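[1] I'd like to go over a predicted model; first the sequence, then the structure.
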Amino acid sequence: MGRKLLWALLVAGLGLTSGARADDYPTHPITIIVPFAAGGPSDAMARVLAERMRISLGQPLVVENVTGAGGSIGVARAVQSPPDGYTISFGHLGTHVANGAVYKLKYDLVADIEPVVLLPSNPMIVVSKNAVPATSLKELIEWLKSRPSPPTAGTAGAGSGSHIAGVYFESVSGIKLQYVPYRGTAPALNDLIAGQIDLIVDQTSNSIAQVRAGTIRAYAITDSKRLASAPGIPTAEEAGLKGFNMTLWSGLWVPKGTPKEIVAKLNAAAVEALNDPAVRKQLEGQGLEMTPKDQLTPEALGARQKAEIAKWWPIIKAANIKVD
Ligand code: ASP
């Protein structure tokens with residue numbers, strides 16, 4: 001018997017109604033499952049939010065990093081948890097869109113989860129180790145093409161944001177990359193700084209501090225306008241590469257069947273966090289763009305996810321991304 005069915009029977013047997021459970025929710029700590037390594041961009045955003053949401057909800061939100069398989073192991077863990085508001089799935093364009101086209105998932109990314117809130121987004125950034133002898137995106141592409149074997153690109157696993165962005169970069173520039181999967185882009189970035197891999201097409205929020213510190217080199221961002229927090233980095237189009245646009249947005253979800261009142265409480269706590277000037281300052285400093293106020297509803301996240309599935313699945317399937 002599935003865990004969900006067992007849970008439903010248990011709840012029915014105890015005569016609990018979802019309303020009764022929702023009234024005093026939360027009565028104990030809540031787990032946020034981050035499907036990538038600690039110290040990476042998803043983990044960093046989740047921890048900032050968890051800290052502030054604790055104040056609104058009156059219970060701690062504990063981040064658990066459940067990594068592997070492009071984030072799909074962590075999402076599966078969250079989807080299979082009881083729909084009681086005590087397990088939240090943190091994810092993004094990779095885990096909650098791309099993974100569905102890359103893996104044979106045991107869960108349905110739309111039917112088995114309930115959206116809570118659309119979180120800040122950021123463009124991807126092309127970064128290389130300092131030893132690469134290029135000073136512009138054009139020179140980087142020339143250098144990548146001149147290599148005797150495909151240069152190495154770190155990713156957070158097949159179907160992660162950095163992987164999809166790498167495949168996209170290949171298709172718009174005509175280069176060929178060899179992917180090196182990690183459990184998140186935090187360990188990938190460490191290897192880039194150490195010169196173990198050649199590049200990452202990374203979330204800006206992950207790389208920007210290292211770019212500023214000069215330990216890695218940035219070439220372009222995948223946005224139509226420059227970042228307010230890093231105006232020296234050109235857009236891909238300004239750097240001579242057309243059609244390389246990608247915004248990596250994140251979100252929170254809960255298992256399907258979670259009472260509406262609980263989803264509403266979680267949404268309200270997340271919105272309060274995102275409106276807090278101290279939180280905004282922290283996230284904007286990482287190069288993140290805050291969610292527009294009219295997009296902070298669960299419905300807005302549901303609509304965004306569905307629209308992105310319609311956009312990305314054909315691209316990913318056409319790119320023939322395989323997982324062994
Ligand atoms: N968001 C991932 C992480 O936190 C990276 C990715 O999807 O590329 O590591």
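    That came through, no problem. Numbers count the residues shown, from 1 in each chain.
[2] element containing residue 64?
    Residue 64 is part of strand 61-65, with elements assigned from DSSP states H and E.
[3] Heading C-terminal from that strand, find the next helix or strand.
    helix 72-79.
[4] mind listing what's buried in that next one?
    72, 74-79 (16 or more other CB atoms under 10 Å). (Each C-beta comes from the backbone N, C-alpha and C, glycine too.)
[5] average model confidence for the helix or strand just after that helix?
    Moving toward the C-terminus from helix 72-79, the next helix or strand (DSSP H and E) is strand 87-92. Averaging pLDDT along strand 87-92 gives 98.
[6] elements contacting strand 87-92?
    For strand 87-92, the packing partners by 3 or more CB pairs under 8 Å, 6 or more residues apart in numbering; DSSP states H and E come out as strand 30-34, helix 41-57, helix 72-79, strand 247-255.
[7] how about it: buried residues?
    Applying 16+ other CB under 10 Å to strand 87-92 flags 87-92 as buried.
[8] If we check the ligand, which of the residues you listed are in contact?
    residue 92 (CB under 6 Å from any ligand atom).
[9] now, which of the buried residues of strand 87-92 sits nearest the ligand?
    Nearest to the ligand, judged by CB to the nearest ligand atom, of those is residue 92 at 5.8 Å.
[10] Quick check: that closest one vs residue 165, distance?
    Remark: distance between residue 92 and residue 165 (CB to CB, to the nearest Å) = 12 Å.
[11] Residue 130: neighbour count?
    By other CB atoms under 10 Å, the residues close to residue 130 number 12.
[12] Quick check: residue 85 touching residue 264?
    No. The criterion here is CB atoms under 8 Å, and residue 85 misses it with residue 264 at 10.3 Å.
[13] Would you mind naming what in this structure lies close to the ligand?
    Checking the chain against the ligand by CB under 6 Å from any ligand atom, the hits are 36-37, 40-43, 92, 94, 156, 160-162, 184-186, 203.
[14] Residue 303: which element?
    Going by DSSP H and E, residue 303 is in helix 298-319.
[15] If you count neighbours, what's buried in that helix?
    For helix 298-319, using 16+ other CB under 10 Å, the buried residues are 298, 300-302, 304-305, 308-309, 312, 316.
[16] Closest to residue 49 out of those?
    residue 301 (14.1 Å; CB to CB).
[17] For the helix or strand harbouring residue 284, name the packing helices and strands.
    Using DSSP H and E, residue 284 sits within helix 277-285. Where contact means 3+ CB pairs under 8 Å, 6+ apart, helix 277-285 is packed against helix 41-57.
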